[in-house]
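J.: Quick one: sequence and predicted model below, then my questions.
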Amino acid sequence: MNHILFFSLFLGTFILLNIYISKQLIAKLDITQRAKRYMRIFLIINLIGIIGYIIGRYYVNIESWLYFLFSVPIGILFLLFCTTLIYHISRVLLSFAPISDSRRNFFKKSLDISSLAIATTLTLKSIYEAKFVKLEHVDIKIKNLKESYKIAQLSDLHIGGLIDKKFIKDIVKRVNEIKPDIIVITGDLVDIDILNIKETMHELTHLNSKFGTYFIVGNHEYFHNITAIIKSVKSLGIRVLENENVYIGEEGKGFNLAGVYDMIGYRTKTYLPDLQKALLGKKDSPTVLLAHQPRYIQEVVDGVDLMLSGHTHGGQLYPFRFLVGLIQPYIDGLHQHNENLQIYVNKGTGFWGPPMRLGASSEITEIVLEPL
């Protein structure tokens, strides 16, 4: 029943977006009726692609090339919606502008051309940007830390669909090249039935670091049998931090690494995050907390020096960044939350939905902790 409800809500939302684009953009453009008909046919084909994406993502296995064709329409529709919204507002403002009718008509035609050109350009640019995963380097000063440590952070890989064995193999190679002391994966590692990605997951066994690889679950793990995912990740030799902490480094010179379950556990009533439990028994050294969603920082009172998160994808497609900002206090990068606590938010190493990014590149984060 939940799957049917999800499918209905997902599809209903995109149908409404299509109607809005058709009425507020296509219908208002100064083009021939034939051109408008072709554009509406394109919207229908695009919607069929979105339906194919939902089916391919959650119900049946499809070839990667077909999955690509089905996933792009989601991004196209979102960018068209943003373009339509700006176009709609611009036309309303233009109608009230104290100018002559001839100048108003000139600006309307210019608006038509520029809107279509911008929508096309941004779509192509976002597909291009998604092809690259940047290495982000950040130095973070930590009070009472005795030695420097290098952390490689991965987040939001969303293995499944286009995030395949080849993609993960390349990520593993790049992480190993920076020779980290530890590797952390801050949630949303898996986005498909774990049984369908065994070979891809096995690539993670090749991750190399001095003190090992550590993982916390994200919200998407709860959607795909979180118990099985945790068991599978552990079988790869990766330490899953389940409301607990470990000590990294030589006694007295290292730091505590703690991890909690994701906040969605409050809704599912399973695998609930428990910071108090996660910090229980930690040593008298600086503490780094792994928590998937940045807004979990609101539950951190004391005992933590640095929190590492993901989840936001940096907005993934730039206009979406503003919506993310309504829910999450931090969207990307390093921030000083208060006098004692800092947070770094990874923009995501993979992507969810369309293979598109705009103004929010995928990243592998090379974090160097330094004594203050």
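T.: The structure has been received and is ready for your questions.

J.: can you pull the buried residues of the helix or strand harbouring Ile118?
T.: Assigned by DSSP states H and E, Ile118 belongs to helix 101-129. Using 16 or more other C-beta atoms under 10 Å as the burial criterion, the residues of helix 101-129 that qualify are 108, 111-112, 115-116, 119, 122-123, 126-127, 129. All C-beta atoms are positioned from the backbone trio N, CA, C, and that covers glycine.

J.: quick one: the helices in this protein?
T.: Using DSSP state H, the helices of the chain run over residues 2-21, 33-58, 64-96, 101-129, 165-177, 198-202, 226-235, 265-268, 275-278, 321-324.

J.: Quick one: closest of these to His337.
T.: Closest of those to His337 is helix 275-278, at 14.5 Å (criterion: C-beta to C-beta).

J.: any idea how the protein splits into domains?
T.: 2-129, 134-371 (automatic domain parsing).

J.: Tell me how many other residues surround the residue nearest to Gly49 when sequence neighbours are not counted.
T.: Excluding its sequence neighbours, the residue lying closest to Gly49 (C-beta to C-beta, 6 or more residues apart in numbering) is Pro73, at 3.6 Å. Using other C-beta atoms under 10 Å, Pro73 has 24 other residues around it.

J.: With the one 4 residues further on instead?
T.: Residues lying near Leu77 (other C-beta under 10 Å) number 21.

J.: Would you agree it is in contact with Leu16?
T.: No. At 10.8 Å, Leu77 and Leu16 do not qualify as touching, with contact defined as C-beta atoms under 8 Å.

J.: who touches the residue nearest to Gly49 in this structure?
T.: Applying C-beta atoms under 8 Å, 6 or more residues apart in numbering, we find Pro73 in contact with 46-47, 49-50, 53, 354.

J.: So how do I select the buried members of the residues you listed in PyMOL?
T.: Buried residues among those (16+ other C-beta under 10 Å), as a PyMOL selection:
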select buried, resi 46+47+49+50+53+354
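
J.: Could you identify the least confident member of the contacts of Pro73?
T.: Note: of those, the lowest pLDDT belongs to Tyr53, at 82.

J.: What distance do you get for that residue to Tyr222?
T.: For Tyr53, the distance to Tyr222 equals 21 Å [C-beta to C-beta, to the nearest Å].

J.: ditto for Ser362
T.: On the measure of C-beta to C-beta, Ser362 and Tyr222 end up 23 Å apart.
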